[in-house]
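Undergrad: Dropping a prediction and its sequence here:
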Amino acid sequence: MASGSRQDERAGAEIVCGAEACKKSSMEMLEELGFPKGVMPLKDLIECGRVRDTGFVWMKQEKPSQHYFEGSKSLVSYATEVTCYVEKGRMKKMKGVKSKQFLMWITISEMSVDQPCSGQIHFTTALGITKSFPVTAFMTEEDESKSSLT
């Protein structure tokens, strides 16, 4: 049953394969949604998919990875597959993303940025607890150069 619903969830998807194509596609999506490009530093992507009608997105990497965000002083773990539903300024029903807080891994279920941007990015746990950081804590050098031009 789970695989049937998984198939339904992915019906009509735009699918991209290969590391370079996936990285380009995921960076374009983050920019389109208003997120800093560094917020999802997945490694060795092998497949990305997006169903524009429903907003369902998935990103598969070769193996799970971790990334330490210096700007927020947080360690984040990404599963082999990360899924969510996206809309402008928001990723919800996230699966595959956890943050280490106080020696415990906490599942992140939602990320959002205010529209228009207030300069804050908000992370919400499955329990509804929200923590906010400056957007700059997740920006790449490319993001920073763009923001300095405007």
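TA: Noted; the coordinates are in hand.
Undergrad: Next up, the contacts around the residue nearest the centre of the chain.
TA: Taking C-alpha atoms, centre = their mean, the centroid of the chain lies closest to M40, which sits 4.5 Å from it. Contacts for M40 (C-beta atoms under 8 Å, 6 or more residues apart in numbering) come out as 26, 30, 59, 78, 82. To be clear about C-beta, it is placed using only N, CA and C from the backbone, and glycine gets the same treatment.
Undergrad: Most neighbours among those residues, please name it.
TA: Highest neighbour count within the contacts of M40, by other C-beta atoms under 10 Å: M59, with 26 neighbours.
Undergrad: pretty sure that residue is touching C22, no?
TA: Yes - distance between M59 and C22: 7.0 Å, which falls inside the contact criterion (C-beta atoms under 8 Å).
Undergrad: okay, and the common contacts of these two?
TA: 45, 47-48.
Undergrad: Contacts made by the longest strand along the chain with the rest, please.
TA: In the chain, assigned by DSSP state E, the strand with the most residues is strand 74-87. Identification of contacts with strand 74-87 by C-beta under 8 Å, 6+ apart yields 29, 33, 40-42, 50, 54-69, 91-101, 105, 108.
Undergrad: Enumerate every residue touching the closest residue to T130 other than its chain neighbours.
TA: Excluding its sequence neighbours, the residue lying closest to T130 (C-beta to C-beta, 6 or more residues apart in numbering) is T124, at 4.7 Å. The contact partners of T124, by C-beta under 8 Å, 6+ apart, come to 108-112, 130.
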